[in-house]
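Novice: Got a sequence here, can you build the structure:
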Amino acid sequence: MRTIRVFFLVILAIVLMLLAAANRQPVTVSLVPEALAQFAGGRWSLTMPAFVALFLAMVFGVLVGLVWEWLRESHLRAESSRRAHDLAQLQREVGDLRRTHAAPRDEVLAILDDPARKPAAPAGSGSTLPAPR
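Specialist: Have a look, this model is predicted:
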């Protein structure tokens, strides 16, 4: 899997370098229309190589997509957090119930319920072997 990822990244780097080499001519990017820029009294344009404008647009698109997905999935994260909290609470309750019901309340009942403790053979049966389990 790592080799596939490295191979993909190398191919992507080569494509981006070719794109940058082919688009070195300067472009002017205006942030607002020219009439509005004159009215505001400022210079609202940048001159940069075309590949820089293209890469900035790609980065901006990726960031907008990440934020959009993070906002879209916020209800799923909240539901997951709530379910994890409920699960932890139920696991604590099960542990408490196991501890409560694991210890027998009466010694006589503990002896009767314990399958490992079977009564020995009746006296006088002539057998010196322990009782079968």
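
Novice: now residue 46, what's its secondary structure?
Specialist: What DSSP: H, G, I helix; E, B strand; the rest coil gives for residue 46 is strand.

Novice: Distance of it relative to residue 99?
Specialist: 69 Å (C-beta to C-beta, to the nearest Å). For the C-beta atoms, the positions are set from N, CA and C on the backbone; glycine is no exception.

Novice: How about residue 84?
Specialist: Applying C-beta to C-beta to residue 84 and residue 99 gives a distance of 23 Å.

Novice: first vs last residue of stretch 20-30, how far apart are they?
Specialist: In stretch 20-30, first residue to last residue: 21 Å (C-alpha to C-alpha, to the nearest Å).

Novice: By mean pLDDT, flag the weakest helix or strand of the protein.
Specialist: helix 107-113 (a mean of 71; mean pLDDT, DSSP states H and E).

Novice: ok now that helix, how far from the chain's centre?
Specialist: Here helix 107-113 is found 48 Å from its chain centre; the criterion is C-alpha atoms, centre = their mean, to the nearest Å.

Novice: Tell me which residue lies nearest the centroid of the protein.
Specialist: The residue lying closest to the centre of the chain (C-alpha atoms, centre = their mean) is residue 77, at 9.3 Å.

Novice: Can you say which helix or strand has that one in it?
Specialist: In this assignment (DSSP states H and E), residue 77 forms part of helix 74-102.

Novice: which residues of this protein score low on pLDDT?
Specialist: For the chain, applying pLDDT under 70 flags the ranges 103-105, 110, 113-133.

Novice: Now do the same for residue 32: helix, strand or coil?
Specialist: Assignment for residue 32 (three-state DSSP): coil.

Novice: which non-adjacent residue is nearest it?
Specialist: Nearest residue to residue 32 in three dimensions, chain neighbours excluded: residue 44, at 4.7 Å (C-beta to C-beta, 6 or more residues apart in numbering).
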